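S.K.: Just the structure for this:
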Amino acid sequence: MDLKLVDCFMRVVEAGSINKAALEMEITQPALSRRLNALEHDLGIQLLVREARGVKLTEAGTLLFNGARPLLRQAELLRDELGREARAQVSIGLPFSMHRLITAPFAAAEIPSRSAVSLRIYEGFIHHLREWMQQGLIDVAIMDFEEGTSPLHDQTPLIREPLLLVGPADARLHPDRPMSAEQLGACKLILPGRPNLIRKTVDTYLKRHGQKFRRAADAETLQLCLSLVKDGLGYTVMPYCAMHDFPQMHELSATPIKGLFITWSLYVSQARRHSAGVRATATSLQRMMGGLVEQGRWPLATLLAKPS
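M.R.: Alright, predicted model coming up:
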């Protein structure tokens with residue numbers, strides 16, 4: 001299977017049509033169509049249905065689309081290693097909750113100073129990051145601590161922080177008055193649905209204390225959760241890093257939940273841990289996160305591993 005042809009197929013699916021993909025790739029539409037035909041001929045199966053308004057995946061096409069990205073990523077990494085290219089690529093994955101506190105500042109600091117490394121930054125929910133790391137799409141990630149060891153990655157616990165109950169300002173929640181499980185069980189909650197990490201953690205915590213999860217609404221983004229809470233429609237649960245620099249922070253109040261914490265760990269791909277670019281990126285990320293705690297810019301967080 002010619003991976004160049006597979007890449008053409010992926011570009012067409014992502015663009016939604018052969019014409020749009022050809023324009024983006026700066027080749028002619030007939031030339032791109034010939035490449036797609038060659039791929040289908042090589043595999044002996046139809047991948048796309050050409051329609052007036054674009055293309056539609058066949059069942060085989062869907063299978064190839066879902067499975068090809070990790071293959072292309074691994075081929076790209078192998079090409080880099082074999083060719084000893086000066087400009088290496090490092091992919092990092094960070095949870096949506098860290099966008100304002102860590103992801104954006106880290107990218108802004110690293111991109112201008114790392115001319116020898118091309119950064120590719122992924123943001124997602126934890127379950128997506130874990131899946132992408134297993135597929136080999138991500139070299140370095142920040143995710144919740146996971147018991148046990150894995151042959152796929154090294155794990156270093158970095159920071160522990162409490163989960164906070166967040167309510168509107170008139171709820172008068174205060175950091176010095178932690179919330180009990182019984183009090184949490186009385187709150188109508190606005191959280192993403194399963195398999196979201198915080199939702200599962202809250203569910204488990206409430207069950208362990210004989211309480212039920214009271215649902216106000218499912219909201220699939222942090223911004224929406226906070227906006228609905230601000231409007232007095234319920235409460236949400238999240239770590240401080242997810243609330244950092246929220247524009248209407250003065251319209252919210254928050255307090256820790258007794259005995260409910262999240263531990264953030266640094267994950268490094270075993271397959272890529274010997275790459276100088278990967279090691280440097282992981283070290284920079286660890287130093288930045290540790291610095292935020294040491295400087296008091298990450299309230300309520302505890303440093304578990306000193307930056308190297």
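S.K.: list the buried ones in the helix or strand bottoming out on mean pLDDT in the chain?
M.R.: Least confident helix or strand, the chain: helix 59-83 with a mean of 79, by mean pLDDT, DSSP states H and E. Judged by neighbour count (16 or more other C-beta atoms under 10 Å), helix 59-83 contains these buried residues: Gly61, Leu64, Phe65, Ala68, Arg73, Leu77, Asp80. C-beta: built from backbone N, CA, C; applies to glycine.
S.K.: Check stretch 124-136 too.
M.R.: Gly124, Phe125, Ile126, Leu129, Arg130, Trp132, Met133, Gly136.
S.K.: Can you report phi and psi for the residue nearest to the second one when sequence neighbours are not counted?
M.R.: Of all residues not flanking Phe125 in the chain, Asn196 sits nearest, at 6.0 Å (C-beta to C-beta, 6 or more residues apart in numbering). According to degrees, to the nearest 10, the main-chain angles of Asn196 amount to phi -50, psi 140.
S.K.: OK, contacts around the residue nearest the centre of the chain?
M.R.: Centroid-nearest residue in the chain, with C-alpha atoms, centre = their mean: Gly124, separated by 2.5 Å. Contacts for Gly124 (C-beta atoms under 8 Å, 6 or more residues apart in numbering) come out as Gly93, Pro95, Phe96, Trp132.
S.K.: Quick one: neighbours of Glu182, just the number.
M.R.: Glu182: 12 surrounding residues under other C-beta atoms under 10 Å.
S.K.: Dihedrals phi and psi, the residue nearest to the centre of the chain?
M.R.: According to degrees, to the nearest 10, Gly124 has phi -180, psi 170.
S.K.: ok, it to Met143 distance?
M.R.: Distance, Gly124 to Met143, by C-beta to C-beta, to the nearest Å: 10 Å.
S.K.: ok, now Gln223?
M.R.: 21 Å.
S.K.: Between those two, which has more neighbouring residues?
M.R.: For Gln223 versus Met143, the count of surrounding residues by other C-beta under 10 Å is larger for Met143: 22 against 13.
S.K.: Need the residues that contact the strand or helix carrying the more buried one.
M.R.: Using DSSP states H and E, Met143 maps to strand 140-144. When contacts are defined by C-beta under 8 Å, 6+ apart, strand 140-144 is touched by residues 90-95, 98, 102, 126, 129-130, 132-133, 158, 197, 262-269, 278, 281-282, 285, 289.
S.K.: Take those residues and keep only those in strands.
M.R.: Judged by DSSP state E, strands contain the following of those: 90-95, 158, 262-269.
S.K.: Among those, the buried ones, what's the PyMOL command?
M.R.: To isolate the buried members of the ones in strands among the contacts of strand 140-144 in PyMOL, using 16+ other C-beta under 10 Å:
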select buried, resi 90+91+92+93+94+95+158+262+264+265+266+267+268+269
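S.K.: If we only consider the buried residues of stretch 124-136, which is nearest to Arg214?
M.R.: Phe125 (22.5 Å; C-beta to C-beta).
S.K.: That closest one contacts Gly93, correct?
M.R.: No - checked against C-beta atoms under 8 Å, the pair Phe125 and Gly93 is beyond contact range at 10.6 Å.
S.K.: Before we move on, what's the pLDDT of Arg50?
M.R.: Looking at Arg50, its pLDDT reads 87.
S.K.: So for the nearest residue to it once chain neighbours are set aside, what pLDDT did the model give?
M.R.: In space, and not counting its chain neighbours, Arg50 is closest to Ile18: 7.2 Å by C-beta to C-beta, 6+ apart. Per-residue confidence (pLDDT) for Ile18: 90.
S.K.: if I look at Ile18, how far off is Thr149?
M.R.: For Ile18 relative to Thr149 (C-beta to C-beta), the value is 46 Å.
S.K.: more neighbours, the two?
M.R.: Applying other C-beta under 10 Å to Ile18 and Thr149 shows that Ile18 carries more neighbours, namely 21 against 9.
S.K.: can you pull the contacts of Trp298?
M.R.: Trp298 touches Leu101, Ile159, Glu161, Tyr240, Cys241, Met289, Leu292, counting by C-beta under 8 Å, 6+ apart.
S.K.: at 6 Å what do you get?
M.R.: Contact analysis of Trp298 by C-beta atoms under 6 Å, 6 or more residues apart in numbering lists Leu292.
S.K.: Doesn't it belong to a helix?
M.R.: No - Trp298 sits outside any helix when classified using DSSP: H, G, I helix; E, B strand; the rest coil, being coil.
S.K.: what's the distance between it and His274?
M.R.: Counting by C-beta to C-beta - Trp298 and His274 are separated by 31 Å.
S.K.: next one: Val12
M.R.: 36 Å.
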